[in-house]
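Asker: Below are the sequence and a predicted model; questions follow.
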Amino acid sequence: MKPVSAPNTEALPSSTPARADAGDLPGTRQHLLMSRPPPVVNVAILDDHPVIAVGVGAYLESRPGFRVLHQETSSRGLLEKLSHSPCDVALVDFYLPLEPWDGVSYLRRLRRYHPNMAIITFSAGNRQETQYAAFRAGANGYLAKQWGMGLLPEMIRGVLGGKHTFLSVHDGRIQAREPTAPHETLTASEVEILRHISQGLSVTQIAARLVRSKKTISTHKRCAMRKLQLSDDLSLALYLREKFSND
């Protein structure tokens, strides 16, 4: 058998100097720079349920790189706090029924006063119409409460990266996708009925105006609500207020 020659150890540098000079290698320096912790993100939270506001704040504080400056249950209170201590991102519950401002009107107000702050909305309500309304109002992302808080740090980093117009969750993953108008799925008759409802007309009044039966008007209304994933008249009223304020 032909003998195998030993490797030429004279051509290899000593291992000790290699470790000593590792910090001077370009690749190692780049690795060290990339491994440094990211800058701390200052966060504001608004939810009319104190338990949720505190819970979200505690979770983010337990994650590296996040500092919660404001935990508010009042929309007016958050605006006042932000005027003195601005934040990088605000997490805002879309529906605040007991507050003077909520939904589209409040998001627009936040965007006007803090144009450089990222805004993420979250809600336990219907996702399709809320996402679209939040997107139109200037939000950078939407996270339904049903997904929990596990995706929140990733979404915050994503919106602060500034590479995407709008982030939301699809199939359990954060994706960049601009929401489409939910009313695009409605028929012309359903849109007509909703427009009359938005003007404050009852089913009986709409039937008289359009010379149709109350049953027909009610059927169009139910079909429209099903397509929009609206469960009751309150959800429909909120949707109509935000949709027609944008048109």
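Answerer: Looks like it arrived, so ask away. Residues are numbered from 1 along each chain as shown.
Asker: Quick check: can you list the domain ranges of this structure?
Answerer: 41-176, 182-246 (automatic domain parsing).
Asker: Out of these, name the one with the poorest average pLDDT.
Answerer: Mean pLDDT values for these show the minimum at domain 182-246, a mean of 84.
Asker: how many neighbours does residue 160 have?
Answerer: Residue 160: 15 surrounding residues under other CB atoms under 10 Å. From N, CA and C alone the C-beta is placed, and that goes for glycine too.
Asker: could you show me where the helices are in this protein, in order?
Answerer: Assigned helices in the chain, in chain order: 15-20, 26-34, 50-62, 75-84, 103-113, 127-137, 152-161, 188-198, 203-210, 214-227, 233-246 (criterion: DSSP state H).
Asker: if we can go back for a sec, let me know which of the domains of the chain is tucked in deepest.
Answerer: domain 41-176 (a mean of 18; mean count of other CB atoms under 10 Å).
Asker: if we can go back for a sec, output the helices of the chain as TSV; include the columns distance to residue 40.
Answerer: Formatted as TSV, the helices of the chain follow (distance: least, CB to CB, whole Å):
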stretch	distance to residue 40
helix 15-20	33
helix 26-34	18
helix 50-62	11
helix 75-84	17
helix 103-113	21
helix 127-137	26
helix 152-161	12
helix 188-198	45
helix 203-210	54
helix 214-227	44
helix 233-246	34
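Asker: List the beta-bridge partners for the closest residue to residue 134 other than its chain neighbours.
Answerer: In this structure, residue 134 finds its nearest non-sequential neighbour in residue 121, 4.3 Å apart by CB to CB, 6 or more residues apart in numbering. With DSSP bridges as the criterion, residue 121 is bridged to residue 92, residue 142.
Asker: I'd guessed residue 121 sits against residue 94; true?
Answerer: Yes - using CB atoms under 8 Å as the test, residue 121 is close enough to residue 94 to be in contact (4.8 Å).
Asker: which residues touch the residue nearest in space to the middle of the chain?
Answerer: The structure's the chain has its C-alpha centroid closest to residue 142; by CA atoms, centre = their mean the separation is 2.1 Å. For residue 142, the contacting residues are 120-123, 127, 130-131, 134-135, 166-169, 179, by CB atoms under 8 Å, 6 or more residues apart in numbering.
Asker: Can you give me the distance of residue 103 to residue 137?
Answerer: Applying CB to CB, to the nearest Å, the value for residue 103 to residue 137 is 8 Å.
Asker: for residue 51, same thing?
Answerer: With CB to CB as the criterion, residue 51 and residue 137 are 26 Å apart.
Asker: burial count for residue 178?
Answerer: 11.
Asker: quick one: contacts for it?
Answerer: 135, 165-166.
Asker: Between the residues you listed, which sits nearest residue 57?
Answerer: Nearest to residue 57 among those is residue 166, at 24.2 Å by CB to CB.
Asker: Do I have it right that that closest one meets residue 143?
Answerer: No - here residue 166 lies out of contact with residue 143, judged by CB under 8 Å, at a distance of 11.7 Å.
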